[in-house]
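Enquirer: Provided below are the primary sequence and the corresponding predicted coordinates.
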Amino acid sequence: EDAPTQIPPSNSSPKVKQELEQMAKDIEAVGAKKQQKIVTKYDSGFEWKFEELCKEFGVKWNKEFIDQLLNESGDIILKLKYKWNRPRPFQLAPKLGIKMNIGKAYTAGSPSFPSGHAAQSQLVADVLSKVYPVHRDAFQAIPEKVAYSRYIGGLHFPTDIDYGTQIGHWLANHTNTSSY
């Protein structure tokens, strides 16, 4: 099975301008203080939330397996990011005359498309859902929160998040969980 492919919209397209305008409104509605709190929660990682759930459920958290999964998937995601070299929303908005408050993030140094946070959090959620299907709903709620934190921070377009989520599902479907 081939990996999902998607091309980001052109930076000058009406779709991108619409996404940026909506994002700016959503960010303004949240407010700068709450925005920063949301961004900071998952900026440097989201694994802690999955680990926390595993402990809460009394199931094994295989840190080594997850770390390897994230390292290997990170290489694939970075190749895609640099293939498309899409600017981040906070980089493009001012060029299109859109005022946007951005959250301070330490993990927004690579291109925007696809969202690595969306891809990898979805990958982990899907893998853990395979291993522990009874806890699927709880695991699947995490990628949505992680993706929202990237969106509301002005760090990713919705299209980045959508494609990242697709990549995460695809990677999980090609992950052997027997050694988990």
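Expert: Nice, I can see it.
Enquirer: Which residue, other than its chain neighbours, is closest to the spatially most central residue of the chain?
Expert: Nearest to the mean C-alpha position of the chain, by CA atoms, centre = their mean, lies residue 118 at 2.0 Å. Distance criterion CB to CB, 6 or more residues apart in numbering; nearest residue to residue 118, sequence neighbours excluded, is residue 164 at 3.2 Å. Where you see a C-beta, it was placed from the backbone N, CA and C, and this is true even at glycine.
Enquirer: what's the single longest helix in the protein?
Expert: For the chain, the helix that runs over the most residues, judged by DSSP state H, is helix 63-84.
Enquirer: after that one comes which helix or strand?
Expert: Following helix 63-84 in sequence order, the next helix or strand is helix 89-92 (DSSP states H and E).
Enquirer: Could you pull out the buried residues of that following helix?
Expert: Across helix 89-92, burial judged by 16 or more other CB atoms under 10 Å covers 89-90, 92.
Enquirer: In the host helix or strand of residue 42, which residues are buried?
Expert: Element membership for residue 42, per DSSP H and E: helix 32-43. By 16+ other CB under 10 Å, the buried positions in helix 32-43 come out as 35-36, 38-39, 42-43.
Enquirer: Which of the residues you listed lies at the shortest distance from residue 23?
Expert: Comparing the buried residues of helix 32-43 against residue 23 with CB to CB places residue 35 closest, at 11.2 Å.
Enquirer: The chain: helices as residue ranges?
Expert: Remark: helices assigned in the chain by DSSP H are 14-30, 32-43, 47-57, 63-84, 89-92, 116-131, 136-152, 158-173.
Enquirer: most neighbours per residue, which of the ones you listed?
Expert: Among those, ranked by average contacts under mean count of other CB atoms under 10 Å, first place goes to helix 116-131 (a mean of 25).
Enquirer: Report the inter-axis angle for that helix versus helix 63-84.
Expert: Angle of helix 116-131 versus helix 63-84, following axes from the mean of the first three to the mean of the last three CA atoms, to 10 degrees, is 140 degrees.
Enquirer: So which residues make contact with the lowest-mean-pLDDT helix or strand in the chain?
Expert: Least confident element among the helices and strands of the chain, by mean pLDDT, DSSP states H and E: helix 32-43 (a mean of 90). Outside helix 32-43, the residues that touch it by CB atoms under 8 Å, 6 or more residues apart in numbering are 27, 30, 49, 101, 103-107, 117, 121, 145-146, 148-150, 152-153, 155.
Enquirer: between that helix and helix 136-152, how many degrees?
Expert: Angle, helix 32-43 to helix 136-152, by the same axes, to 10 degrees: 130 degrees.
Enquirer: Now helix 32-43 - C-alpha only, CSV.
Expert: Extracted in CSV, the C-alpha atoms of helix 32-43 (Å, rounded to 0.1, in the frame of the first residue of the first chain):
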residue,chain,number,x,y,z
ALA,A,32,-2.9,35.2,24.3
LYS,A,33,-2.5,33.8,27.8
LYS,A,34,-4.7,30.8,27.2
GLN,A,35,-3.1,30.3,23.8
GLN,A,36,0.3,30.0,25.3
LYS,A,37,-0.8,27.6,27.9
ILE,A,38,-2.3,25.4,25.2
VAL,A,39,0.8,25.5,23.0
THR,A,40,3.2,24.8,25.8
LYS,A,41,1.3,21.7,27.0
TYR,A,42,2.3,19.6,24.0
ASP,A,43,5.1,21.6,22.4
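Enquirer: Nice, that's everything, thank you.
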